[in-house]
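K.L.:
quick one: sequence plus predicted model below, questions after.
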Amino acid sequence: MTGNLHASRFCIFDADVDELREHYANTLKPVRVSPIDRRSTISVEDTHFSVGEFDIWSGLCQSGMEVNFAEPPDAYALYVPITGMMEMGGGGHQLTSAPGTLLAADLSKANLLRLHSERSHIGIAFSRQSVTRQLSELLGSPVIHDIELFAEYDARSGAGAKLAAMAQLLWDSLISEPAGTISARSTEFFFRTIMVALLENVPHRYSALLERPVSPAMPRQMKRAIDYMMANIATAVSVDEIARDAGVSARALQAAFKQFKNTTPLNYLRQLRLEGARKDLLLGRQDGVSISDIARQWGFTHVGRFSILYRETFGEMPTETRRFTRG
């Protein structure tokens with residue numbers, strides 16, 4: 001799913017706000033821009049790189065400005081401050097970014113960015129799809145709730161300092177080379193490394209699950225239950241049927257899955273089915289077969305429900321997975 005690397009540079013002084021709106025509409029999303037000190041012009045410079053599901057940018061806002069998203073980006077962002085202050089509001093949160101403090105947020109819930117004069121930062125955006133997929137892989141289970149990422153994080157030591165250093169290294173590697181000579185694939189891997197570090201260290205709804213110690217070996221009855229699921233992957237089965245084949249009570253099976261998989265037996269079976277369908281789509285198998293037929297082969301009788309569950313788990317629709325594979 002690697003995309004091409006795109007670069008844009010923007011430098012303007014005493015600009016009319018319409019010029020700036022056009023720039024942000026082309027690089028991020030349509031926005032409403034206004035100077036914070038009621039002056040009629042804004043001075044800002046910005047360089048922006050994008051590849052696949054990721055973006056990185058940096059620049060300097062000399063005059064200060066307020067930014068309101070007309071269409072909030074469906075992405076999560078990490079801001080690494082260099083100079084000056086920035087405030088963000090949205091989702092019931094008010095955050096401040098200043099040198100020494102990282103800011104991580106769900107941009108889809110941000111309704112205001114206020115950049116003070118002489119503000120400079122490195123910003124990185126990760127699409128919601130990429131974050132949902134990555135978190136699901138780290139957890140080994142579907143992401144079914146909002147991630148709730150809206151946090152300030154110390155950038156002066158520990159994991160925060162490493163995150164800031166990684167962002168700076170990625171930026172330096174991009175800004176120092178002609179865009180045509182930069183490997184899009186290796187750049188995407190670098191973005192993903194930063195994304196994993198962000199998910200593992202900056203607080204969000206799933207942080208506690210990521211910090212769980214590795215469970216001991218699964219009991220034999222639970223392995224038998226999973227084998228039964230795999231053998232009946234496309235068949236409607238009940239917890240009682242699975243438990244009976246595994247030789248345990250339904251209550252004991254529920255408790256075992258809660259302890260070792262942090263889910264229920266039927267949710268685990270659903271995840272197996274979703275992953276099987278996704279594998280077929282990713283590997284380009286059965287290209288002549290419709291998505292609804294693939295869904296049925298994996299036990300989903302209602303294609304609309306399948307598509308909703310698929311998006312909740314992997315952050316994209318089945319049609320998007322197939323389109324990326326073919327592209």
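P.N.:
Now that the structure is in, tell me what you want to look at.
K.L.:
count the neighbours of the closest residue to residue 242 other than its chain neighbours for me.
P.N.:
Nearest residue to residue 242, sequence neighbours excluded (C-beta to C-beta, 6 or more residues apart in numbering): residue 225, at 5.2 Å. Placement of C-beta: from N, CA and C, glycine included. Residues lying near residue 225 (other C-beta atoms under 10 Å) number 26.
K.L.:
now the strands: where do they sit in the stretch 101-250 of the chain?
P.N.:
101-106, 110-115, 119-127, 150-154 (DSSP state E, counting those that start in this stretch).
K.L.:
minimum distance to residue 57: which of those has it?
P.N.:
Of all the strands of the stretch 101-250 of the chain, it is strand 119-127 that lies closest to residue 57, at 5.1 Å by C-beta to C-beta.
K.L.:
quick revisit: let me know the pLDDT of the residue nearest to residue 242.
P.N.:
Per-residue confidence (pLDDT) for residue 225: 92.
K.L.:
go on, residue 18?
P.N.:
What the model reports as pLDDT for residue 18 is 76.
K.L.:
please apply the same query to the one 4 residues further on.
P.N.:
What the model reports as pLDDT for residue 22 is 77.
K.L.:
repeat that for the one 4 residues further on.
P.N.:
You'll see residue 26 listed with a pLDDT of 72.
K.L.:
what does the host helix or strand of it contact?
P.N.:
Assigned by DSSP states H and E, residue 26 belongs to helix 17-27. Contact partners of helix 17-27, identified using C-beta atoms under 8 Å, 6 or more residues apart in numbering, comprise 8, 10, 12, 30-35, 41-42, 44, 46, 48, 50, 55, 57, 65, 67.
K.L.:
now the buried members of these.
P.N.:
Buried residues within those, counting neighbours by 16 or more other C-beta atoms under 10 Å: 10, 31, 33, 35, 42, 44, 46, 48, 50, 55, 57, 65, 67.
K.L.:
for those, work out which two are farthest apart.
P.N.:
Pairwise distances across the buried ones among the contacts of helix 17-27 peak at 26.8 Å for 35 and 50 (criterion: C-beta to C-beta).
K.L.:
sorry, back to before: nearest to residue 189, of the strands of the stretch 101-250 of the chain?
P.N.:
Here strand 119-127 is closest among the strands of the stretch 101-250 of the chain (C-beta to C-beta), at 13.4 Å.
K.L.:
partner residues bridging residue 51?
P.N.:
Per DSSP bridges, the residues bridged to residue 51 are residue 5, residue 54.
K.L.:
try residue 153
P.N.:
In this entry, residue 153 is beta-bridged to residue 102, by DSSP bridges.
K.L.:
how far away is it from residue 309?
P.N.:
32 Å (C-beta to C-beta, to the nearest Å).
K.L.:
for residue 221, same thing?
P.N.:
Residue 221 is 27 Å from residue 309, where distance means C-beta to C-beta.
K.L.:
just give me the residue right at the centre of the chain.
P.N.:
The centroid of the chain falls nearest to residue 131 when counting by C-alpha atoms, centre = their mean (1.8 Å).
K.L.:
before we move on, the earlier item: let's have the buried ones among the contacts of helix 17-27 in a markdown table, adding pLDDT, secondary structure and distance to residue 321.
P.N.:
Putting those into a markdown table (pLDDT from 0 to 100; DSSP: H, G, I helix; E, B strand; the rest coil; distance: C-beta to C-beta, whole Å) gives the following:
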| residue | pLDDT | secondary structure | distance to residue 321 |
| --- | --- | --- | --- |
| 10 | 70 | strand | 34 |
| 31 | 76 | strand | 30 |
| 33 | 82 | strand | 36 |
| 35 | 83 | strand | 43 |
| 42 | 81 | strand | 41 |
| 44 | 83 | strand | 38 |
| 46 | 85 | strand | 33 |
| 48 | 90 | strand | 27 |
| 50 | 91 | strand | 21 |
| 55 | 94 | strand | 21 |
| 57 | 94 | strand | 28 |
| 65 | 88 | strand | 38 |
| 67 | 87 | strand | 33 |
